[in-house]
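Peer 1: Generate coordinates for the sequence data below:
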Amino acid sequence: MTISSTDTIGKMSEKQGDSFSATEGNPLKLKVVSDVHLGYKNSDKESFNRFLDSLQSDKGTTDLVLLGDIVDMWRRDASGVFLENWDFVQKVIRLKEKMRVHYVAGNHDYHVLQMRGHSYPFSFAKDLKFTDGKYTYMICHGLEFDPQQKAAVMEALCHVMYDPIENFEDLFGGVTQPPEKRLSQILKDVEHIALSKIKQGEILVFGHTHHPFINEAENVVNTGSWVTDSTVHNTVVDLSCGKPRLSIFEGREITERAKI
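Peer 2: Here you go, the predicted structure:
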């Protein structure tokens, strides 16, 4: 998909597809967030809404990527969670007049991939690819790198409609535990699997683990989360001209680089 001077960005966000590119002289500027878990008691919804409001005055961003687990269908009714957070939907509708908005499915909102003929202001996708001149951004939630995530289980949990999903720990083999606990022993394995998928010239951005970082080579980026369970949370990734940046919303830029 190509951004041209005759296209309205709001209209572009309605078109289906997982590949986007910029025209010469019009570089892409992406903001990427994930794992807000709206519907979960420890989601920092208030801060996330302020972040969305702040984008109204952002004149440079071309694309906002909601990188999965934005709503938590494992803890709330799959349809009701959007209704309960309709203020979030309305903010996205307004943002569509300024930028494209993409929604990538995560494990906690995996069911969005089954939604057809919906009226939500999103194009739901499994993953995204952005090409900006010589730069290529590969964007996915990260469940793909987690050996414990299975499509049938993720879909089933989106229909549980029972708040304390931790009660299902034995039935689902611990997959319902928060990632801070569940991935504590395999986090490095997940990150190395992600690293192994990168091709020359690509930058991979994923979420899922709630562990925000940019690696030393600056070709692997994790978006972190917006849940207060995580020591570092409310993190935003900026991508422009092949350079990733990671910041805490209303806080500092994270300049440290991870060794993976």
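Peer 1: going forward, measure contacts and count neighbours with C-alpha atoms only.
Peer 2: Will do.
Peer 1: And the one helix or strand residue 192 maps to, what's buried?
Peer 2: For residue 192, the host element (DSSP states H and E) is helix 187-196. Under the neighbour-count criterion of 16 or more other Cα atoms under 10 Å, helix 187-196 has 187, 190, 191, 193, 194, 195 buried.
Peer 1: Give the rounded mean pLDDT of it.
Peer 2: Mean pLDDT, helix 187-196: 95.
Peer 1: related to what we said a few turns ago, would you list the buried residues of helix 187-196 in JSON lines and tack on distance to residue 30?
Peer 2: Compiled in JSON lines, the buried residues of helix 187-196 are given as follows (distance: Cα to Cα, whole Å):
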{"residue": "187", "distance to residue 30": "26"}
{"residue": "190", "distance to residue 30": "24"}
{"residue": "191", "distance to residue 30": "22"}
{"residue": "193", "distance to residue 30": "24"}
{"residue": "194", "distance to residue 30": "20"}
{"residue": "195", "distance to residue 30": "21"}
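Peer 1: Nearest to residue 65 among these?
Peer 2: Residue 65 has its nearest neighbour among these in residue 194, at 18.8 Å by Cα to Cα.
Peer 1: in stretch 48-65, what's buried?
Peer 2: Neighbour-count burial for stretch 48-65 [16+ other Cα under 10 Å]: 48, 52, 53, 55, 61, 62, 63, 64, 65.
Peer 1: so of these, which ones are in strands?
Peer 2: If you go by DSSP state E, the buried residues of stretch 48-65 have 63, 64, 65 in strands.
Peer 1: so who does the first one touch?
Peer 2: Neighbour list for residue 63: 28, 29, 30, 31, 99, 100, 101, 102 [criterion: Cα atoms under 8 Å, 6 or more residues apart in numbering].
Peer 1: Could you save the residues you listed as JSON lines and add columns showing pLDDT?
Peer 2: Below are those laid out as JSON lines (pLDDT from 0 to 100):
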{"residue": "28", "pLDDT": "96"}
{"residue": "29", "pLDDT": "97"}
{"residue": "30", "pLDDT": "98"}
{"residue": "31", "pLDDT": "98"}
{"residue": "99", "pLDDT": "94"}
{"residue": "100", "pLDDT": "93"}
{"residue": "101", "pLDDT": "94"}
{"residue": "102", "pLDDT": "95"}
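Peer 1: Give me the buried subset of those.
Peer 2: Looks like these have 28, 29, 30, 31, 99, 100, 101, 102 buried, using 16+ other Cα under 10 Å.
Peer 1: Helix or strand for the third one, just tell me which one.
Peer 2: The one in question is residue 30. Using DSSP H and E, residue 30 sits within strand 29-33.
Peer 1: residues in contact with that strand?
Peer 2: By Cα under 8 Å, 6+ apart, strand 29-33 touches 60-67, 223-225, 235-241.
Peer 1: Alright, I will stop here.
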